[in-house]
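Asker: generate coordinates for the sequence data below:
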Amino acid sequence: MNQIQSYINEHKDRFFNELFDLLKIPSISADTAYKSDLLKTAEAVKLSLEKAGCDKVELCKTDGNPIVYGEKIIDKNLPTVLVYGHYDVQPADPLDLWDSPPFEPIIKKTDLHPDGAIFGRGSCDDKGQMYMHVKALEFMVKTNQLPCNVKFMIEGEEEVGSPNLAIFVKNNQEKLKNDVILISDTGMIANDIPSITTGLRGLSYVEVEVTGPNRDLHSGLYGGAVANPINIITKMIASLHDEDNHITIPGFYDKVEELSKEERADMAKAPFNLENYKKALDIEAVYGETGYTTNERNSIRPTLDVNGIWGGYTGEGAKTVIASKAYAKISMRLVPHQDWLEITELFTKHFTSIAPKGVKVNVKPHHGGQGYVTPIDSIGYQAASKAYQDTFGKTPIPQRSGGSIPIVSLFEQELKSKTILMGFGLDSDAIHSPNEHFGIFNYLKGIETIPLFYKYFTALSK
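Answerer: Numbering: from 1, shown residues only. Here you go, the predicted model:
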C-alpha cells in the first residue's frame, strides 16, 4: 500500500462523513426557495477548502449564487492547475421514485458497486466528484507533496446554465490565470475500464408556447372547428424528425463534422454490450438516427429531444376542454462547430414557420453553450493518462461524452487554457434521476488518482 492509499485508508470514514454533511443540504439552484441552502453549501465548501490547506479562500458575489474561490500558491514559477466544480444540484422530483430520501445520504450495495455506493442527490453530480479534489489537495498539503500551484472555482449555478459565470471569468482573468483546467463532472466506461472524456456536446435549450383561442373552450361546442394548441404542438414537434430520425430544421447539419472511418473505428474499441444496455433500461430496442451506432448517436451526433410537454386539464377525472395554450421544453445537444446561438435562431425561425394560421407561436430561449474537444496529444491529457495508468493499472480510453458542460468552451475562450475532464462516475449512477448514487470505489479512486495528475503535469511541463 503506497502513501496516498494509506492516507485514504486512515481517513476514509471522515471523508465519507464530510461528504454526507454536504449532501444533506438541498442546494437546488432551479428553485429560489432553496436560496439559503445554496448559501449554506457555499460556506461549507469555503470551510472545507480552508481546512484542506488553501491559503486564500473567499465567497465571490454574483447576481445569483456566490462562487467559492480558493488558492494555494507555492511558487509562481511553477504551473498552476485550476479546479472547477459546482455545489448546486438538480431538483429531486419525483420524490416517490426514490428508495431513500434524496437529502439523507446512505450507503447501499449494488450490482455495479459491490463495495457500496453513496445514494443521495448530488452524490455524483457534482458534490462527490468536486469533493475528491478537496481531499486530494488535503493529502498533498498534509504530506508536503503539492508539486505546483492550485486554484479552485466552485460555482452554484451549473444546473441552471451558469448565467453569472461568464461575467465572473471575464472580470477575473488574472485571478483565474492557469496552465490547465481540471474538472470531474463526467464519467468513465466502467470501474475496470478507465476512460477520459475528450469531447462534450453543446446545448441549446428552448421553451415553446402555442396559443390558440383566447380562453379554454368546451370541446363539444368548439371541437373540430377551432385549432387545438395541444394537437398542433404535438404535430409540430413530431415533424422535427423524419423517418430516419434525422432533424428536419433547415441548416441544422450545415456545420456538423463527419468523423472519419478511422475515428469511428477507434470509438468502437470501447467495450459496449447492446443487450446489457437494453436490459439496464428495460427496453426492447434502441432508437435513433439511421446509419449510426448507439454510442455514436449519443456522443458525436446532434439530437433534439422534448424534455417536458403540458397543457389543458391534467387533474383527476375528466374536464372536456380545448386548452388555450400548450407548452413544451426542448433541448438540442450539439456537436463541435455547431454554434448554439445560431442553432437557437434556426430552430425559432423553423418552428414559427411550420405553425398553422389558427395559432400563434412564441419561442423562449433558456440557455446553451458550445461543444468542446480536448486534444489527446496535450501534456494535460498525457498527465491524466499516466495518473490513471498508475491507479487502475491500464491505459484509459479517450471517450466523447453526450453530455454538455457549456462553460468548458468559455474557459478556453477567456482563459486560453485547455480543460482535462477526469470523471469517475458511471453512466448507471442516475445523475439527474431518482436514486442518484456514487460508488465508494469511485470516490476513493478519484482521491487517489488526482494527486498523480498534479505530479505528472508538473513533470511534463518542464
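
Asker: so what's Glu138 scoring on pLDDT?
Answerer: Note on Glu138: pLDDT of 98.

Asker: which SS state does the residue of the chain most remote from its centre fall under?
Answerer: Centroid-distance maximum for the chain: Leu221 at 47.8 Å, with CA atoms, centre = their mean. Here Leu221 is helix, with the state taken from DSSP: H, G, I helix; E, B strand; the rest coil.

Asker: show me the contacts for it.
Answerer: For Leu221, the set of contacting residues under the criterion of CB atoms under 8 Å, 6 or more residues apart in numbering is empty. Glycine gets a C-beta too; all of them are placed from N, C-alpha and C.

Asker: just checking, what packs against the helix or strand of the chain with the lowest mean pLDDT?
Answerer: Each helix and strand of the chain was given a mean pLDDT (mean pLDDT, DSSP states H and E); the minimum falls on helix 261-267 at a mean of 82. Counting contacts by 3 or more CB pairs under 8 Å, 6 or more residues apart in numbering; DSSP states H and E, helix 261-267 is packed against helix 294-297, strand 397-400.

Asker: surely Thr449 and Thr391 touch.
Answerer: Yes - the pair formed by Thr449 and Thr391 meets the contact definition of CB atoms under 8 Å, at 4.5 Å.

Asker: which of the two has more neighbours?
Answerer: A count of neighbours by other CB atoms under 10 Å puts Thr449 above the other of Thr449 and Thr391, at 24 against 18.

Asker: list the buried residues for the helix or strand containing the more buried one?
Answerer: Element membership of Thr449 [criterion: DSSP states H and E] is helix 440-461. Using 16 or more other CB atoms under 10 Å as the test for burial, helix 440-461 gives 440-458.

Asker: report the buried residues of the helix or strand encompassing Glu412.
Answerer: Glu412 belongs to helix 407-415 when assigned by DSSP H and E. When neighbours are counted by 16+ other CB under 10 Å, the buried residues of helix 407-415 are found to be 407-412, 414-415.

Asker: before we move on, what about stretch 309-328?
Answerer: The neighbour-count criterion (16+ other CB under 10 Å) identifies 311-312, 321-328 as the buried residues of stretch 309-328.

Asker: cool, and stretch 11-29?
Answerer: The neighbour-count criterion (16+ other CB under 10 Å) identifies 11, 15-16, 18-20, 22-29 as the buried residues of stretch 11-29.

Asker: pLDDT (mean, whole number) over that stretch?
Answerer: On average, stretch 11-29 scores 98.

Asker: cool, and stretch 349-356?
Answerer: Averaging the model's pLDDT scores along stretch 349-356 yields 98.

Asker: stretch 61-80 too?
Answerer: This predicted structure assigns stretch 61-80 an average pLDDT of 98.

Asker: can you tell me the distance between the two ends of it?
Answerer: This stretch, stretch 61-80, spans 24 Å end to end (CA to CA, to the nearest Å).

Asker: before we move on, back to that, please identify which pair of the buried residues of stretch 309-328 lies farthest apart.
Answerer: Val321 and Ala328 (18.6 Å; CB to CB).

Asker: which residues are in contact with the helix or strand hosting Tyr388?
Answerer: In the assignment (DSSP H and E), Tyr388 maps to helix 379-392. With contact meaning CB under 8 Å, 6+ apart, helix 379-392 is reached by 180, 192, 194, 196, 198, 374-375, 394-396, 398, 418-420, 422, 445, 448-450, 452-453, 455-457, 459-461.

Asker: mind redoing it with 7 Å?
Answerer: Outside of helix 379-392, the residues within contact range by CB atoms under 7 Å, 6 or more residues apart in numbering are 180, 194, 196, 374-375, 395-396, 418, 420, 422, 445, 448-449, 452-453, 456-457, 460-461.

Asker: now the angle from the helix or strand harbouring Val141 to helix 440-461?
Answerer: Assigned by DSSP H and E, Val141 falls within helix 127-142. Inter-element angle recorded for helix 127-142 and helix 440-461: 50 degrees (by axes from the mean of the first three to the mean of the last three CA atoms, to 10 degrees).

Asker: for helix 127-142, name the packing helices and strands.
Answerer: The criterion is 3 or more CB pairs under 7 Å, 6 or more residues apart in numbering; DSSP states H and E, and the helices and strands that helix 127-142 contacts are helix 3-23, helix 35-52, strand 80-86, helix 440-461.

Asker: show me how far the first one is from its chain's centre.
Answerer: Taking the mean C-alpha point of helix 3-23 and that of its whole chain, the gap between them comes to 24 Å (CA atoms, centre = their mean, to the nearest Å).

Asker: likewise stretch 112-122?
Answerer: With CA atoms, centre = their mean as the basis, the distance from the averaged C-alpha position of stretch 112-122 to the chain average is 18 Å.

Asker: likewise for stretch 346-359?
Answerer: 31 Å.

Asker: list the buried residues of it.
Answerer: Using 16+ other CB under 10 Å as the test for burial, stretch 346-359 gives 346-348, 350-351, 355, 359.
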